[in-house]
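Chemist: what's the 3D shape of this:
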Amino acid sequence: MKTLKVVLFALAISAGSLLHAAPKDLPETSEVAFNKEIQQLLKNVEITVEKDVVAYLIVRFNCKNEMEVLYVGSKNVEAGKKIKKCLNNKEIKTVLDPSIKTYKLPVRLKA
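Modeler: Model (predicted):
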């Protein structure tokens, strides 16, 4: 009986320490924060599409941390123009890796 109590006590201590060591809130990576910021910028843009479209963006940043949209690849030309107009020269708050010159990201437009 004494051995059972010791084993249960050790199990309770180890389970408590595992729960204590688990991270509560993982910090956002710069890529996740960047994606959320792009979503917020495109949230209020009036783009109507008949079916779901994926646009591929290629952007770079100048010294003021402003986005320069280099390319928008999309089957819907009008949607591509609106995305470029909305995102071009917008300053972002997220600090990204300065060694990366251009970023490529997909943007999904839902019908």
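
Chemist: which secondary element of this structure has the worst mean pLDDT?
Modeler: Comparing helices and strands within the chain by mean pLDDT, DSSP states H and E singles out helix 2-21 as the least confident, with a mean of 62.

Chemist: I would like the residues contacting the following helix or strand past it, please.
Modeler: Per DSSP states H and E, the first helix or strand lying C-terminal to helix 2-21 is helix 30-42. By Cβ atoms under 8 Å, 6 or more residues apart in numbering, the list of residues contacting helix 30-42 from outside reads 28, 83, 86-87, 90, 92-97, 103, 105, 107. Backbone N, C-alpha and C define where each C-beta goes, glycine included.

Chemist: same check, this time on stretch 82-89
Modeler: The contact list for stretch 82-89, computed with Cβ under 8 Å, 6+ apart, reads 38, 41-42, 45-47, 55, 57, 59, 66-69, 72, 74, 107.

Chemist: Distance from it to the middle of the chain?
Modeler: 18 Å (Cα atoms, centre = their mean, to the nearest Å).

Chemist: what does stretch 65-85 give?
Modeler: 18 Å.

Chemist: No further queries at this time; thank you.
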